[in-house]
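Undergrad: mind looking at a prediction? Sequence and model below.
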Amino acid sequence: MREDFFDRVIEEGYYIAETGATVRKTAKAFSVSKSTVHKDVTERLFGIDKDLYKRVKKVLEKNLLERHIRGGEATRIKYEKIRTEK
């Protein structure tokens, strides 16, 4: 595989591990699709750096457990904004 490919996978892993970013935020930061980021950090990273993979996996599990809270908060803000515009 190409070297820039490995670099991207490792950079995405460090980005998620250090910032606690979601897959969507990481995809936006690296200008790739969220499918690419997800495949990079859940499959490809395991073969490249197992320690980093474990750190990223913990962040992704935390994000998975909290996603319903973020979604509810986003909905609350959306409807609050609609109410204040009237």
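TA: Great, that's in hand. Numbers count the residues shown, from 1 in each chain.

Undergrad: kindly provide the distance from Y14 to E66.
TA: 21 Å (C-beta to C-beta, to the nearest Å). C-betas here are computed from N, CA, C, even on glycine.

Undergrad: for L45, same thing?
TA: L45 is 21 Å from E66, by C-beta to C-beta.

Undergrad: what of R76?
TA: 15 Å.

Undergrad: how about D51?
TA: D51 is 24 Å from E66, by C-beta to C-beta.

Undergrad: K57 now?
TA: For K57, the distance to E66 - C-beta to C-beta - is 15 Å.

Undergrad: so which of these two has more stuff around it?
TA: More neighbours surround K57 than the other of K57 and E66, with 16 against 12 (other C-beta atoms under 10 Å).

Undergrad: for the more buried one, give me its contacts.
TA: T42 (C-beta atoms under 8 Å, 6 or more residues apart in numbering).

Undergrad: which SS class is it?
TA: helix (DSSP: H, G, I helix; E, B strand; the rest coil).

Undergrad: got a list of what the residue nearest to the spatial centre of the chain touches?
TA: Most central residue of the chain, judged by C-alpha distance to the mean C-alpha position with C-alpha atoms, centre = their mean, is V23 at 2.0 Å. Contacts for V23 (C-beta under 8 Å, 6+ apart) come out as 16, 34, 37-38, 41, 60, 63.

Undergrad: looking at those residues, which are in helices?
TA: Cross-referencing the contacts of V23 against helices under DSSP state H gives 16, 34, 37-38, 60, 63.

Undergrad: could those residues be laid out in a markdown table, adding neighbour count and pLDDT?
TA: Converted to a markdown table, the ones in helices among the contacts of V23 look like this (neighbours: other C-beta atoms under 10 Å; pLDDT from 0 to 100):
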| residue | neighbour count | pLDDT |
| --- | --- | --- |
| I16 | 27 | 97 |
| K34 | 14 | 93 |
| V37 | 26 | 96 |
| H38 | 16 | 95 |
| L60 | 18 | 94 |
| N63 | 17 | 90 |
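
Undergrad: between the residues you listed, which is closest to D7?
TA: Relative to D7, the closest of those is V37; by C-beta to C-beta it sits at 14.2 Å.
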